[in-house]
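Student: whatever this is, show me its structure:
(2 chains)
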Amino acid sequence: MSDKRRVVITGMGALSALGATTRELWEGLLANRSGVRRVQRLVDSGITVTSGGEVDAVSPENVERDHEIANRAIDDALAESKRDAAACGFIWSTGLDTFQMGPEGFVHRSAGRCFSNLASRFSCPKRMIASACASGTQAVGEAFRLIRQGQVEACVAGGSSVMLTPFYLIGFAGLQAVAVDNGDDPSLACRPFDKKRKGFALADGAGAMVLESVESARERGAKILAEVIGFGMSQDAFDLNRPCDDGAGAELCMRRALADAELMTEEIDAVNAHATATYSGDLAEAAALRKLFANRWREVPVSGAKGAIGHAMAAAGVLETIVAAQTCATGIVPPTVNLHHVDEGCELDHVIGEPRDVNAQTVLSVSFGMGGQNAAVILKRGSNG
Amino acid sequence: MVYLVAATQEDDLAKVRAQRPELWRQVRRYNKPVQLALAAADEVMRFANDPSTAAVISLAPCQPGSADLYRWGHVVTSGMASGTLGNLRMNPTQTLHAVDNLAMSAFAIAHRNHAYCLGLGGAAGQAWCGIEAVHERLDAGPEEEALLMAGDQEAADDEAPGLGVALLFCTRAQPLQPSNRIVRLVSISRSPAIVDAVPHAANGLAALLSSIAQHRNGLMSYVVPPAHTDGFSNVIVSLEIS
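Tutor: Numbering: from 1, shown residues only, chains lettered A, B, ... in the order given. Here you go, the predicted structure:
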């Protein structure tokens, strides 16, 4: 790594079902609290899925909601970093097109147009990432790669998603991927790795990070929140709707991230899991992690955020990378909200019920997209020294 | 060094269906932009040394390219207005049409490709980011070949014209198929400019290929027409043709 530039995170912003700041996200997770709830407009629409991760900070009535949510997270990250957008590249995912009802009828909102509007205040490169649920993590990884190669000094990376609509809920229900409403406490809708899991809760959200070279951060006197040290991608090449049972594609991308970081598995202190709470997804992920850590798999704490914030699609990976950065900074691994009884086949060293202080300094954060794109990044505790 | 070794365009799915029935069986359930991108990719990968190890960079459609999905959007929003959503069930195939990385995933499954992949979204001018990514990846990454593919459609209508484009790059000098000339990708440069872009995933790459076909041997500086840029920059693709 000596001939490669080091890349650090100097700003973060998050809007999720747990609140409109990174602090609310982190404190909600530490409190083992779920922000997923029954959403009245979904109940009113009469569909079978009525729970989700709603972002309250921007009204659902706001037709510019996709821009607003993204810009709030971006502005928070830039403010924390004290960087100007014009001095940063922009590697971002705005997820999928949305189809909704507007004041004058059916409205198609293009994710590409949303990206172009968001990108207007940034410098090159401006890349729109499209890897389904792996997009947010890939955005962080691509920004890391570009800065490390010296192509750019700093980037804002992340993703945003506004998909908590009947259109997508009916679509994902058809794939049996989301938890349908059966009268349960809606905050329990998403139960990663649990015996009672029944799919994810769809969510809106946005997460943004400012990444820059360590030289740039030191020169500016910026506070270093964490360091990005590795990135890996892979494709399952197996099935459009489900991962291979043994998690081979997921394992491959994690091994690539480790190789990129020049680390051994023994040097990973904790894992921020994708943890969608789908039946096959959780089994495959657990299998991949057991293979990756071999005889150490009972000793590496694993935590996932989707039980608390739902699945924010293009934003999911970066929101979870923000959680991983907080773990690096504090050493604390938050619990997997709603995990009570680990399902057979999902055995790992799960953090259940309360946070665990293990002085974690190096964290692996992973995302696995529908269609089989897998992304992993490795973060390390930041140091201004 | 990065060389363009194969390139093709596809705009006729009826021909694909008639002449490549095996491919058609694989792609028939997808939407038209994805079918066209995959048909073009299938053609250029005949010239790849190993399709399973090539880096894959795929552009999502810029236009709302699935007529089925667009119709479904109307069904859902009408159902919302009339309060009759409860009984609606969406065909899972149509859910797939919404997925931004569908062509990349389908390609990976068909070619058992586990390599590095980059899906670029449906914003204007991402094709040039794709070429930049090819250059970066083949310069620094472990891959020796990279596929760049795109498909798009003028409108979300079954009859609307569409176009698929695929380009195969390699780190070793080989003649560009089918032209038999050596085409080296030298650089991509940008300068800031505010211009009127017309979002389309495939048109820009098709225009580049036409320009290469018409150019005599020697250095070529291809100035990307404003309509094919991202709206924020002038782009010049420099190539050496011999």
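Student: check what pLDDT the residue positioned nearest the centre of chain B gets.
Tutor: Chain B has B:Ala150 as the residue nearest its centroid, 1.0 Å off, counting by C-alpha atoms, centre = their mean. The model reports B:Ala150 with a pLDDT of 98.
Student: A:Leu188 versus that one, what's the distance?
Tutor: For B:Ala150, the distance to A:Leu188 (C-beta to C-beta, to the nearest Å) stands at 43 Å. Where C-beta positions appear, they are placed from N, C-alpha and C, glycine not excepted.
Student: before we move on, what about A:Ala20?
Tutor: Distance, A:Ala20 to A:Leu188, using C-beta to C-beta: 23 Å.
Student: ok so, going back, so what strands line up beside whichever strand or helix holds the residue nearest to the centre of chain B?
Tutor: Using DSSP states H and E, B:Ala150 sits within strand B:145-153. In the sheet, strand B:145-153 lines up against strand B:55-59 (parallel), strand B:162-170 (antiparallel) (DSSP bridges).
Student: can you put the ones you listed in CSV and add distance to A:Arg218 and mean neighbour count?
Tutor: Formatted as CSV, the strands paired with strand B:145-153 follow (distance: least, C-beta to C-beta, whole Å; neighbours: other C-beta atoms under 10 Å in any protein chain shown):
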stretch, distance to A:Arg218, mean neighbour count
strand B:55-59, 33, 28
strand B:162-170, 37, 27
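Student: okay, the ones you listed in a markdown table with mean pLDDT next?
Tutor: Converted to a markdown table, the strands paired with strand B:145-153 look like this (pLDDT from 0 to 100):
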| stretch | mean pLDDT |
| --- | --- |
| strand B:55-59 | 97 |
| strand B:162-170 | 98 |
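Student: any idea how far B:Leu4 lies from chain A?
Tutor: 21 Å (C-beta to the nearest C-beta, to the nearest Å).
Student: for the closest residue in space to that residue that isn't next to it in sequence, grab the count of nearby residues.
Tutor: Counting by C-beta to C-beta, 6 or more residues apart in numbering or on different chains, B:Leu4 lies nearest to B:Val183, which is 4.3 Å off, once chain neighbours are set aside. With neighbours defined by other C-beta atoms under 10 Å in any protein chain shown, the count for B:Val183 comes to 24.
Student: what does B:Ala67 give?
Tutor: Neighbours of B:Ala67 using other C-beta under 10 Å come to 18.
Student: just the pLDDT for the residue lying closest to it once chain neighbours are set aside.
Tutor: Closest residue to B:Ala67 in three dimensions, ignoring its sequence neighbours and counting by C-beta to C-beta, 6+ apart: B:Asp158, at 4.7 Å. Looking at B:Asp158, its pLDDT reads 83.
Student: sec struct for A:Gly35, please.
Tutor: Following DSSP: H, G, I helix; E, B strand; the rest coil, we place A:Gly35 in the coil state.
Student: wait, it sits on A:Ala308?
Tutor: Yes. Contact criterion C-beta atoms under 8 Å: A:Gly35 and A:Ala308 qualify, at 6.0 Å.
Student: which residues do the two both contact?
Tutor: Counting by C-beta atoms under 8 Å, 6 or more residues apart in numbering or on different chains, the contacts common to A:Gly35 and A:Ala308 are A:17-18, A:28.
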